[in-house]
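Colleague: Turn this into a structure:
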Amino acid sequence: CIRDRLKDVQEKRNILWLGESNIEYKEITPFIDEIIENGYNLYFKGKPGNNNNLSDFLKNRNISIDNSSSFFECLTTNNIGLVVGTHSTALMESWIVGVPSLALKSSYDYGSHLWEDELIEICEDKSSLNKTIIAYFGMNSKQLHIVRNKIWGNNVCFNKNKTVSILVQQ
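Modeller: Modelled structure (predicted):
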C-alpha cells in the first residue's frame with residue numbers, strides 16, 4: 001500500500017533519522033543541523049542493541065526519540081515522510097510502504113552498494129540536502145510506485161505481519 005496520506009505527510013514534514021553503528025555521528029551533524037534549520041521535525045530511531053549515547057545531542061536539538069516496537073510502526077505512528085541514514089537496509093525497506101529515503105554521506109562506506117547500484121540516492125553534502133528533501137516530499141503516488149518498483153520489482157507485495165515477524169527474528 002503506497003502512502004495514501006500524502007497531503008498529511010507533506011504538511012507535517014516529519015523525517016526519521018536512523019541511528020546506525022560504526023559511524024562517527026559528528027560527520028553527519030551538518031546534515032542533521034540543516035534538516036532542523038529548514039523547519040523539519042526530526043525523529044531518531046536507534047539501532048536495537050546499539051549503545052551510542054546521543055541523548056544530550058538529541059535533547060539539545062529537540063529531536064524526538066522513537067521507541068516504536070518496529071520500523072514500520074515508527075513510520076506510521078510518526079507520520080514519517082522521509083527516512084535518512086548512512087547505510088541501513090531500512091533505507092530500501094521504507095520504499096515498500098511508499099516512504100522515500102536518502103543516504104547521508106559518511107566515511108563508513110558499508111552501504112555503498114545502495115547508491116552505487118542506484119537504489120538509494122546519496123546526499124554528498126548539506127548544500128543540496130534541502131532541495132532533495134523538498135523533491136522527496138513533493139513526490140506523488142505514481143512517482144513513489146516507480147521508485148519502489150525500481151528497488152523491489154513490479155510484483156512487490158507488502159505483508160506487514162510477515163515482514164514484522166522476519167524482522168523480529170533477526
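
Colleague: Strands along this structure, start to end?
Modeller: 14-18, 41-45, 64-65, 80-85, 101-104, 122-123 (DSSP state E).

Colleague: so which of these is the most packed in?
Modeller: Looking across the strands of the chain with neighbours counted as mean count of other C-beta atoms under 10 Å, the highest average goes to strand 80-85: a mean of 26. Yep, even glycine has a C-beta here, placed from its N, CA and C like the rest.

Colleague: Report the backbone C-alpha coordinates of that one in PDB.
Modeller: Provided in PDB are the C-alpha atoms of strand 80-85 (Å, rounded to 0.1, in the frame of the first residue of the first chain):
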ATOM      1  CA  ILE A  80       7.200   9.900   8.500                       C
ATOM      2  CA  GLY A  81       7.600  11.400   5.000                       C
ATOM      3  CA  LEU A  82      11.300  10.700   4.600                       C
ATOM      4  CA  VAL A  83      13.900   8.400   6.100                       C
ATOM      5  CA  VAL A  84      17.600   9.400   6.300                       C
ATOM      6  CA  GLY A  85      20.600   7.300   7.300                       C
END
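
Colleague: Next, the angle from it to strand 41-45.
Modeller: Angle between the axes of strand 80-85 and strand 41-45 is 50 degrees (criterion: axes from the mean of the first three to the mean of the last three C-alpha atoms, to 10 degrees).

Colleague: so how far is strand 80-85 from its chain's centroid?
Modeller: 3 Å (C-alpha atoms, centre = their mean, to the nearest Å).

Colleague: Report all helices and strands that that strand contacts.
Modeller: helix 6-12, strand 14-18, helix 90-93, strand 101-104, helix 129-137 (3 or more C-beta pairs under 8 Å, 6 or more residues apart in numbering; DSSP states H and E).
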